[in-house]
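>>> Please work out how this folds:
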Amino acid sequence: CYGGVTLINLTKGLCQYGKGSLNQWRDIAEENNVPNGEEFAWKMLQREVKKAIKGLEYEILTLTNSRGEIPFCTFELDCIDLEASDEEQKIQHMILTNLLQVRIDGLTGGITPVFPKLCFETKRGNNLDPEDKYYDTYKLAVKCSSIRLYPDYLMHDKLVEVTGGYKAPMSCRSFIPELSDENGNRVVGGGFNLGVCSVNLPRLAIMAEHDEDKFYKLLKEYLDIARDALMLRRDMMKEVKAKQAPILYQYGAIARLEPEETIEKLLYKDRSTVSIGYVGIHNALMALYGKSYDDKEALKKAIKMIQFMKDYCQHLKDETNIGFSLYSTPAEVLATKFCRSDVKEFGIIEGVNDNGYYENSFHYPSYKDIVAFDKIDIESQMSKLATGGAIQYVEFGNMIHNVEALEEIIRYAYDKCHYFGVNVSSDRCFKCGYIGQMTALDETNNHFQCPQCGNTNNEEMSVIRRLCGYLGSLSERPTVDGKMKEMASRVKHFGNNHC
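Numbering: from 1, shown residues only. Okay, the predicted model is just below:
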């Protein structure tokens, strides 16, 4: 699978185990004549749930490969089931709030964990508004975001509109289409992605020399190259046997096949997807038209580009019965690699490649000041087209003492976009206790300074940034220099600049 794994439906899915534990504690209370046995059972369940979640988080963070990488995984924090029994809703509430509270508490010393990523299902009529029964869970999620950046927000109604049904992303941002079995019943989980091949849009715009027709001719040629690369990968996967990855293909993570069966039958329709990605819509607009999103006509041109790529993917899907999809590439490294390659071939072009990196997919330029609401409005016209994967986010200052504003921004985004994240300033200095944003001493490396006490020892601070979809601990290790520069140039859309 490409990009990581998502553990779905944790709120509802773990409920049955919570019920089993609760009944065990009831039996213990009865056997030992414990006073107020029912209260005792619920108290012990609360203790057990919290310890289990904390233990799971630490287990993931201490499971590394030979390169020291933590498993790329996501937890879906789905809504509480309003049709469940009162007891089941109470258990689900306990599971959901503990998943959030454990993250709020952080790791030893107050460190923010970068994994697992948390995605919170926001749903009108369930938790979004003050009159909703479980509004308290939304408030707790927003509090968690103000301190730990995660969770990101899955906007239920918009997800149904954009992707055909509610679902969690496959780890960072990849959304699998609706799945159904041979009887037409909806299948939740078990989808996977075979990978992404991304197109360098700014390069094509430079090569087109301000000629729109030439640009689209080049785009079609490069999309064909991406298609061929993905088909090659897919054809290689046809021969893979289930026994080569038994957890995935034999034991139910994706399917339950016999050891000697190939996975070929899983590679058709929407069970698996192959994605065509794209980088640098803003930079391509500047190269082709000399204007970007702030110009209404240029914004229409951007939408046209994305629609062209979406239509191409849909045509391939109809033609091949393979799940081609359009994906808004995170490009943590690729945005720098593409830009560096183009500078080498075409030289520095002002407004196009002079920053040393390209903007991520359809995102508004990170260095340009804009009000949060306007950023959401502009980007939402494009994010809905890339149904294979897209995320919007807004950059904030320290929001720990302004959670109400954060809550309103996220609620505003509910009707605009299907997947939304917040970037807050929540770095920590372990020397003086400062919480906020560390000063970058070198915009291309991980050299930081505490603005309160002057501490420059990375071992005595925690610097967490959203690379694009995932978080990264920059005080431990930097990412590619172009991405470091992009993160250093990000302006605040609400907070330090607009509060």
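>>> for the chain, which spans come out with low pLDDT?
Scanning the chain for pLDDT under 70 picks out the ranges 1-3, 494-499.
>>> Spatially central residue in it, please.
The structure's the chain has its C-alpha centroid closest to C172; by CA atoms, centre = their mean the separation is 3.7 Å.
>>> Excluding chain neighbours, what is closest to that residue?
Of all residues beyond its chain neighbours, the one nearest C172 is G469 (3.5 Å), with distances taken as CB to CB, 6 or more residues apart in numbering. The C-beta positions use only the backbone N, C-alpha and C, and glycine is treated the same way.
>>> buried residues in the host helix or strand of G482?
G482 belongs to helix 481-489 when elements are defined using DSSP states H and E. Residues of helix 481-489 classed as buried under the neighbour-count rule (16 or more other CB atoms under 10 Å) are D481, G482, K483, M484, K485, E486, M487, S489.
>>> Stretch 34-45 too?
The neighbour-count check on stretch 34-45 (16+ other CB under 10 Å) flags V34, G37, F40, A41, W42, M44, L45 as buried.
>>> Now render the buried residues of helix 481-489 as CSV, adding distance to I391.
Compiled in CSV, the buried residues of helix 481-489 are given as follows (distance: CB to CB, whole Å):
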residue, distance to I391
D481, 23
G482, 20
K483, 16
M484, 20
K485, 21
E486, 16
M487, 16
S489, 19
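>>> wait, which of those residues is closest to Q307?
E486 (26.2 Å; CB to CB).
>>> my read: the closest one touches S366, true?
Yes: contact status for E486 versus S366: in contact at 5.6 Å, counting by CB atoms under 8 Å.
>>> quick one, what contacts T456?
The neighbours of T456, taking CB atoms under 8 Å, 6 or more residues apart in numbering as the test, are L441, H447, F448, Q449, C450.
>>> Just flag the most distant two among the residues you listed.
Every pair of the contacts of T456 checked by CB to CB; the farthest is H447 and C450, at 12.2 Å.
>>> If you count neighbours, what's buried in the helix or strand hosting R227?
Taking DSSP H and E as the definition, R227 sits inside helix 212-237. By neighbour count with 16+ other CB under 10 Å, helix 212-237 contains the buried residues F215, L218, L219, Y222, L223, A226, R227, L230, M231, R234, M237.
>>> pretty sure the fourth one is in contact with L204, am I right?
What it means is Y222. Yes: between Y222 and L204 there is a contact at 6.3 Å, judged by CB under 8 Å.
>>> so S361 makes contact with N283?
No: contact status for S361 versus N283: not in contact, 11.1 Å apart, counting by CB under 8 Å.
>>> buried residues in stretch 183-196?
If you call a residue buried by 16+ other CB under 10 Å, then stretch 183-196 has these buried ones: G189, G190, G191, F192, N193, L194, G195, V196.
>>> So which of those belong to strands?
Here DSSP state E is the test, and those give F192, N193, L194, G195, V196 as lying in strands.
>>> Can you tell me which of those residues is nearest D27?
For these, the minimum distance to D27 (CB to CB) is 40.8 Å, reached by F192.
>>> Neighbouring strands of the longest strand along the chain in the sheet, and parallel or not?
Longest among the strand segments of the chain by residue count, using DSSP E, is strand 269-279. Strand 269-279 has the following strand partners under DSSP bridges: strand 192-200 (parallel), strand 322-328 (parallel).
>>> got the ones you listed as CSV, with distance to D105 columns?
Conversion of the strands paired with strand 269-279 to CSV gives the following (distance: least, CB to CB, whole Å):
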stretch, distance to D105
strand 192-200, 33
strand 322-328, 33
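>>> Would you tell me which of these gets closest to G351?
Taking CB to CB, strand 192-200 is the member of the strands paired with strand 269-279 nearest to G351, at 16.8 Å.
>>> does the closest residue to F362 other than its chain neighbours belong to a helix or a strand, and which?
Spatial nearest neighbour of F362, chain neighbours left out: M382 (4.0 Å); criterion: CB to CB, 6+ apart. For M382, the element it lies in under DSSP H and E is helix 372-383.
>>> re the thing from before, tell me how far the helix holding R227 is from the chain's mean position?
Averaged C-alpha coordinates place helix 212-237 at 26 Å from its chain's average position (CA atoms, centre = their mean, to the nearest Å).
>>> now it and strand 322-328, what's the angle there?
Helix 212-237 and strand 322-328 meet at an angle of 130 degrees, taking axes from the mean of the first three to the mean of the last three CA atoms, to 10 degrees as the criterion.
>>> Begin at 11, not 1, for the rest of this chat.
Okay, residue one is now 11; in that scheme the one you just asked about reads as helix 222-247.
>>> Show me what helix 222-247 is packed against.
Counting contacts by 3 or more CB pairs under 8 Å, 6 or more residues apart in numbering; DSSP states H and E, the secondary-structure elements packed against helix 222-247 are strand 202-210, helix 211-218, strand 279-289, helix 291-299, helix 306-330, strand 332-338.
>>> didn't I101 look like it was pressed against N33?
No: at 11.1 Å, I101 does not count as touching N33 under the criterion of CB under 8 Å.
>>> So for those two, which residue has more residues nearby?
For I101 against N33, the residue with the higher neighbour count under other CB atoms under 10 Å is I101, and the figures read 26 against 12.
>>> Wait, a helix at that one?
Yes: going by DSSP: H, G, I helix; E, B strand; the rest coil, the assignment for I101 places it inside a helix.
>>> Please enumerate the helices of the stretch 11-160 of the chain.
Under the criterion DSSP state H, counting those that start in this stretch, the stretch 11-160 of the chain carries helices at the ranges 20-23, 25-41, 47-71, 96-115, 145-158.
>>> Redo the ones you listed as JSON lines? Include distance to L169.
Shown next, in JSON lines, are these (distance: least, CB to CB, whole Å):
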{"stretch": "helix 20-23", "distance to L169": "16"}
{"stretch": "helix 25-41", "distance to L169": "22"}
{"stretch": "helix 47-71", "distance to L169": "25"}
{"stretch": "helix 96-115", "distance to L169": "18"}
{"stretch": "helix 145-158", "distance to L169": "16"}
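>>> Check the chain for me, the residue farthest from its geometric middle.
Ranking residues of the chain by C-alpha distance from their mean position (CA atoms, centre = their mean) puts N43 at the top, at 48.8 Å.
>>> what angle separates the helix holding R237 from helix 211-218?
Relative orientation of helix 222-247 and helix 211-218, computed by the same axes, to 10 degrees: 140 degrees.
>>> could you check the angle helix 291-299 makes with helix 222-247?
Orientation of helix 222-247 against helix 291-299 (the same axes, to 10 degrees) gives an angle of 140 degrees.
>>> thinking again about what came up before, how about the residue nearest to C182, what does it touch?
Under the contact definition (CB under 8 Å, 6+ apart), the residues listed for G479 are K127, C182, R183, P340, I401, G431.
>>> Please apply the same query to S472.
G120, I121, T122, D437, R438, F440, S483, S485.
>>> Tell me how far it lies from T466.
Taken as CB to CB, to the nearest Å, the spacing of S472 relative to T466 amounts to 14 Å.
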